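Visitor: the following comprises the amino acid sequence and a computationally predicted model.
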Amino acid sequence: MLEIKNLCVETTDTNKKILNQFSLSIKEGEIHAIMGPNGTGKSTLSKVIFRNQDYRILSGSMTLFGKDLIPLKTCEVARLGVFLCMQDPLVIEGVSNSDFLREALYEKTKEHVSLYSFVKDVENATKKLEMDERIIHQSINQGLSGGEKKKSEILQLLLLKPKLIILDELDSGLDVDSLKKVCTVLKEYLKEQKDASVLIITHYSRILDDIHPDYVHKMMDGKIIETGDIHLAHKIEQEGYQVKEQAKE
């Protein structure tokens, strides 16, 4: 599904290299997690996939379903079936969740969604997430808590039905109960959409205990330096990211 090879990326304003020979391969139906300290390039990776113009690709390749992502615009990447649950979702005043979702569905399918079907889908999704249905008529994320913003993002996911889901610190701002609810809904979605894949960017293993990853990657200095399973995530939480050298006798 997603194939990234030897990707080198720098910021466009300071020319600071963020990703350095970064490689990652995600197949259909797989769940991958990336863990790493602040500033190592985890969130940058999600932005580069979505072709954020604050970053310049110096070398390497990046394809989705065999299609080159590098020349595409953000909207074109989204239309391919990629969804980003952002670390800090934006507030967009004057645009209701309802209007946004109906327009996004049209952009995806190029077909107008019947109001009845849309309302039923929204009702089902908000009930699953235990959300206040009135949020759907409010401006996007306006007046919402951090946890409510994350649930609103998952609501978008349930309606848009993406193929590749990128979760950038989903557990940030969610209490324990809300995190379990969101993870339960995500697992139900993945059972229904068996070919959908997930890339989880996180600092902590608690979300990985609920959404069991096939692979956990340890990222340092802009590239993956170690890959394992959930045990690697627990090891990172216990020992940290830095490799300690054995004391010489």
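Guide: Structure received.
Visitor: packing partners for the host helix or strand of L45?
Guide: Here L45, judged by DSSP states H and E, is contained in helix 42-49. Judged by 3 or more CB pairs under 8 Å, 6 or more residues apart in numbering; DSSP states H and E, the packing partners of helix 42-49 are strand 2-11, strand 17-26, strand 31-35, strand 55-64, strand 82-85, strand 164-168, strand 197-202. Yep, even glycine has a C-beta here, placed from its N, CA and C like the rest.
Visitor: can you give the contact residues for stretch 57-74?
Guide: With contacts defined as CB atoms under 8 Å, 6 or more residues apart in numbering, stretch 57-74 is touched by 1-10, 17, 21-22, 48-52, 77, 80, 82, 164.
Visitor: with stretch 184-204 instead?
Guide: 1-2, 26-35, 42-43, 45-46, 87, 128-129, 154, 157-158, 161-171, 207-208, 210-211, 213, 237.
Visitor: buried ones from those, can you make that a PyMOL selection?
Guide: Restricted to buried positions by 16 or more other CB atoms under 10 Å, the PyMOL selection for the contacts of stretch 184-204 reads:
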select buried, resi 1+2+26+30+31+32+33+34+35+42+43+45+46+87+128+129+154+157+158+162+163+164+165+166+167+168+169+170+171+207+208+211+213
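Visitor: can you pull the contacts of Q87?
Guide: Q87 makes contacts with S43, D168, E169, S172, I201, as judged by CB under 8 Å, 6+ apart.
Visitor: now do the helix holding L45, average pLDDT.
Guide: When pLDDT is averaged along helix 42-49, the result is 93.
Visitor: tell me what angle that helix forms with strand 31-35.
Guide: Orientation of helix 42-49 against strand 31-35 (axes from the mean of the first three to the mean of the last three CA atoms, to 10 degrees) gives an angle of 130 degrees.
Visitor: measure how helix 42-49 sits relative to strand 55-64, angle-wise.
Guide: 70 degrees.
Visitor: and the contacts of helix 42-49?
Guide: 2, 7, 9, 18-19, 22, 34-36, 54-55, 57, 62, 69, 77, 82, 84, 87, 166, 168-169, 199, 201, 219.
Visitor: can I get it in PDB, CA atoms only?
Guide: Extracted as PDB, the C-alpha positions of helix 42-49 are listed here (Å, rounded to 0.1, in the frame of the first residue of the first chain):
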ATOM      1  CA  LYS A  42       7.500  11.400  13.400                       C
ATOM      2  CA  SER A  43       4.900  14.100  12.800                       C
ATOM      3  CA  THR A  44       6.900  15.500   9.900                       C
ATOM      4  CA  LEU A  45       6.500  12.100   8.200                       C
ATOM      5  CA  SER A  46       2.700  12.400   8.300                       C
ATOM      6  CA  LYS A  47       2.900  16.000   6.900                       C
ATOM      7  CA  VAL A  48       5.300  14.900   4.100                       C
ATOM      8  CA  ILE A  49       3.000  12.100   3.100                       C
END
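Visitor: just want the angle from that helix to strand 2-11.
Guide: 110 degrees.
Visitor: quick one: helix 42-49 to strand 17-26, angle?
Guide: 70 degrees.
Visitor: distance from helix 42-49 to the middle of the chain?
Guide: In terms of CA atoms, centre = their mean, to the nearest Å, the centre of helix 42-49 is found 9 Å from the chain centre.
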